[in-house]
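Undergrad: Quick one, structure for this:
(one chain, ligands or ions: 1)
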Amino acid sequence: MITLEQPLTALLKQWEQERLLTPLDRHFALQMSALHPGSNELFILICALLSRQLSLQHSCLPIEQIDVDNPMSEQQAQCRITLSPQEIIAELSRCDAVGLAPEQLDKPLILDGFNLYLQRYYQFESRVGQQLNALAQPIRVSDIGASTNMLASLFAPTERQYDWQKIATATALTQKLAVITGGPGTGKTTTVTKLLLLLCQQETMTIRLVAPTGKAAARLSESIKASKARLATELAPFSDIIDLNALQQVPEEASTLHRLLGVIPNSHRFRHDSDNPLRLDLLVVDEASMVDLPMMYKLLNALPSHARLILLGDQDQLASVEAGAVLADICAGLKDRNGQWSMRYSQDKAALLSQLTGTDLNGFVSESPQLGDSLAMLMHSHRFKGDAGIGQLASAVNISDLAAIIQVWQRGYEELLWIEHQINQQANLGLNALLERSVAQYRHYLEAITQAQDAMSIIDSFNRYRVLCAMRAGEYGVDGINASITQALAKEKLVNPATEFYAGRPVIIQSNDYNLGLFNGDIGIILPDAHNQHRLMAHFVQADGTLLKVLPARLPSHDTCYAMTVHKSQGSEFSHVALVMPPRPSVAQRQLLTKELVYTAITRAKHHFTCLGSQRVFEQACSQATLRASGLAKRLWQ
Ligand SMILES: Nc1ncnc2c1ncn2[C@@H]1O[C@H](COP(=O)(O)OP(=O)(O)OP(=O)(O)O)[C@@H](O)[C@H]1O
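TA: Residues are numbered from 1 along each chain as shown. Next up, the predicted model:
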């Protein structure tokens, strides 16, 4: 069944030392074996593999994907499974600890076809699938003529064959669940603002706006405010058809998902759940790609049965930090075999949308539309004009087109800068060049502090530039780059890092502190207090745009933030982004370097994108797509 070069317990220990397993993975496997006496070595190995899958953010272990000749993918292949996947399944089915879905759900492990789950993750995934399928139902439009007129006023005719923003608005108007996806600047916020305006004209409803992090919530508030202001002017000529007073009912304040659901201190549960549903009629969730599977489960459970749900996000961005890739799974059914996106409507939906938008959508009718009626994709970026370097680079990376990527770099756009690692015996000249540029960029906000400018404008100035790293640890990770930038700034006498908290030190919060109102990912700067110049306070801009001041000693766990991970940058934008990729990544680091990571970093930049890297590593990263094992796409699309 399994051949081993050493006893399995010794191998597990060795794999932990080699970092192929986490201590938790090994303990989980041993604990499962202790709880289920008589379990064989195959079972223990499979438990370790399953736990490792979860540590790597997969939702399950697809048995077919186990490399039986080298299940742990270690260099010396000291373990072999002598069974086929079918035989492994048969063997697991006989284990007391394994239940077969959908009947035996009271066992710690659940086998669903070829996928093995921890019971909790099976519950998350199957319930999220059920809830999304149940939500994806049509809502009757009472006056189609009036809605058609309003849509025509909201969206000026375009030269393009399809106005996807208009189609997305019509989709969300007529469907209880709407998922509006698209890259940066494709108009997700503009579209949702128009939709909310339309709905607010038709009925009074309680609408809530949320995002996964405080930063993303603050950005959503800002975008909705800006979008409302633009609409008020743009739509003035149509005031006979559209009641612009309804714009006032469109909310501007966005909160975090945690705050919406109501955190219970020291508990994984929230105040709102199926027994105590949220009090709202419509919920908009921005940056939905950041929402992980357990969070989506809790959110859907707390949604009242009558409520509409609108998910906004970019399905091509990095998947959530925790398990799952819910948004990508929701969108998966729209991708054909060649990787091209295409809509997938039922006959009725295509007819209704065609009528409402005046665009013939019958070419997108599918015999098995599944979730397709709830999906809308915005395919045209208004931020990156067709010929702009950042937009072109992002698109080429997104489809892993190496020839196009090289061409974009070679065209020499002013907004793109490539810095190659140049390591000699003394130094890395590439790194030095990046540090020099970072000093020049950060100099602006640090000089603003000496000029005693107000905290808001200092924070604003700081937020124009950011260094992003692929990982935390190491010389080219957040830790190393932060140390190097601090040193470079100190050398220029722009900061004095002699003490832990010095004027100008930017900090990023690493955990939630509900009493202080500070959340994981919040970024602030240590500055002299305006009321007492001798006292240093950490200054943060909150989701509602107001300033929060906290005594540095009271800050929850935090780090310096001249550089931050690409993961933590999701939901933020900067005028200038500099991405640092390691020159010689280890095997573990190479797994992190994916096209989604590079794409997310590039699309955080509004005007300039710099990359410190080596061409080979950049190309390898762009060729590697994130794969998250999950059964959700199948539950939604088959
Ligand atoms: N149909 C349009 N025609 C012209 N400009 C547009 C259109 N839609 C959006 N824009 C502009 O494009 C910019 C981005 O729009 P918006 O903020 O709605 O996009 P988004 O997809 O939400 O962006 P992000 O990725 O930043 O969240 C805004 O300046 C907006 O005014």
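Undergrad: which residues does residue 113 contact?
TA: Listed by CB atoms under 8 Å, 6 or more residues apart in numbering, the contact partners of residue 113 are 101, 631. Using the backbone N, CA and C atoms, a C-beta is placed for each residue, glycine as well.
Undergrad: Tell me the spacing between it and residue 217.
TA: In this view, residue 113 and residue 217 are 38 Å apart by CB to CB, to the nearest Å.
Undergrad: cool, residue 103 as well?
TA: From residue 103 to residue 217 the distance is 42 Å (CB to CB).
Undergrad: more neighbours, those two?
TA: Neighbour totals were compared for residue 103 and residue 217, and residue 217 leads with 27 against 7 (other CB atoms under 10 Å).
Undergrad: Assumed that one was part of a helix.
TA: Yes. Checked against DSSP: H, G, I helix; E, B strand; the rest coil, residue 217 lies within a helix.
Undergrad: show me what contacts it?
TA: Contacts of residue 217 by CB under 8 Å, 6+ apart are 209-211, 254-256, 286, 543.
Undergrad: would you list the residues you listed in CSV and tack on secondary structure?
TA: What follows is the contacts of residue 217, written out as CSV (three-state DSSP):
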residue, secondary structure
209, strand
210, strand
211, strand
254, strand
255, strand
256, strand
286, coil
543, coil
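Undergrad: and the stretch 201-350 of the chain, which residues reach the ligand?
TA: For the stretch 201-350 of the chain, the residues in contact with the ligand (CB under 6 Å from any ligand atom) are 223, 227, 230.
Undergrad: Let me see the ranges of the strands in the stretch 251-400 of the chain.
TA: Listed in chain order, the strands of the stretch 251-400 of the chain (DSSP state E, counting those that start in this stretch) span 254-256, 282-285, 308-313, 375-378.
Undergrad: again, but for the stretch 51-200 of the chain
TA: Under DSSP E, counting those that start in this stretch, the stretch 51-200 of the chain gives strands at 61-62, 79-81, 98-100, 109-112, 115-118, 177-182.
Undergrad: Lowest average confidence across those, which one?
TA: Here the strands of the stretch 51-200 of the chain differ in mean pLDDT, and the lowest is strand 79-81 at a mean of 91.
Undergrad: What lies in contact with that one?
TA: Under CB under 8 Å, 6+ apart, the answer for strand 79-81 is 1-5, 8, 11, 42, 45, 66, 68-72, 88.
Undergrad: quick one: strands adjacent to that strand?
TA: Counting by DSSP bridges, the strands paired with strand 79-81 are strand 2-4 (antiparallel).
Undergrad: Relative to the whole chain's centre, how far out is the partner strand?
TA: A distance of 40 Å separates the centroid of the chain from that of strand 2-4, by CA atoms, centre = their mean, to the nearest Å.
Undergrad: Run through the residues that contact residue 581.
TA: 470, 476, 593, 611-614, 617-618, 621 are the contacts of residue 581 under CB under 8 Å, 6+ apart.
Undergrad: Does residue 70 touch residue 45 like I think?
TA: No. The criterion here is CB atoms under 8 Å, and residue 70 misses it with residue 45 at 12.0 Å.
Undergrad: Looking at the two, which is more packed in?
TA: Using other CB under 10 Å as the criterion, residue 70 and residue 45 rank with residue 45 on top: 22 against 15.
Undergrad: Could you name the helices and strands sitting against the host helix or strand of the more buried one?
TA: Here residue 45, judged by DSSP states H and E, is contained in helix 41-55. When contacts are defined as 3 or more CB pairs under 8 Å, 6 or more residues apart in numbering; DSSP states H and E, helix 41-55 packs onto strand 2-4, helix 8-17, helix 23-35, strand 61-62, strand 79-81, helix 85-93, strand 115-118.
Undergrad: which of the ones you listed is buried the deepest?
TA: The highest mean neighbour count among these, using mean count of other CB atoms under 10 Å, belongs to strand 115-118: a mean of 24.
Undergrad: What strands line up against that one, and which way round?
TA: strand 61-62 (antiparallel), strand 109-112 (antiparallel).
Undergrad: Right, I'll leave it there.
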